[in-house]
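Chemist: Let me see the structure of the following:
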Amino acid sequence: MALELFMVGLIVKDMGRAIEFYRRLGLAVPEGSEEQSHVEIKMGRDGFTFFLDSRPDRWDAQFAWEEQGEQSKGYRSVLEFYLKGQEAVEAKYAELVGFGYQGVREPYQTVFGMCFAIINDPDGNALLLSGDTGK
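Modeler: Next up is the predicted model:
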């Protein structure tokens, strides 16, 4: 049997801000999660889980926050959220930027028929919003 990805997790500095962002993105974050240090969100029917954790030192005693100097224009990882269509990508991007989140790249069409936009969550994690262009 091949190895399968079970969970994707992000380390966040402020759980309340992270929860607010991911709810605005459209995830079904359980009520009362703002007060937790670890929150799991089931994605789809297959049990795949997305988690946020604000206390990684509980399970990794050597964890230390890296203080970043000047912010890079690149990113080392990206989470993709599929929103079906170009209009949905444009609307979600505009909504999140309107709430003050950092837009990295405005919606654009790819050469392979998709619409992409990139936005950062409150901790600087890059999110790729994607949807079909219908072309």
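Chemist: Downstream of the top helix by length along the chain, the next helix or strand is which one?
Modeler: For the chain, the helix that runs over the most residues, judged by DSSP state H, is helix 86-98. Heading C-terminal from helix 86-98, the first helix or strand you meet, by DSSP states H and E, is strand 103-109.
Chemist: Helix or strand next in line after that following strand, which one?
Modeler: Next along the chain after strand 103-109, taking DSSP H and E as the criterion, comes strand 114-120.
Chemist: Quick check: neighbours of that following strand in the sheet, parallel or antiparallel?
Modeler: strand 103-109 (antiparallel), strand 126-132 (antiparallel) (DSSP bridges).
Chemist: and the angle from it to helix 86-98?
Modeler: 10 degrees (axes from the mean of the first three to the mean of the last three Cα atoms, to 10 degrees).
Chemist: So which residues make contact with strand 114-120?
Modeler: Residues outside strand 114-120 that contact it (Cβ atoms under 8 Å, 6 or more residues apart in numbering) are 78, 85-86, 89-90, 92-93, 96-97, 101-110, 126-133. C-beta here means a position set from N, CA and C on the backbone, and glycine is covered the same way.
Chemist: distance between that strand and the chain's centre?
Modeler: 11 Å (Cα atoms, centre = their mean, to the nearest Å).
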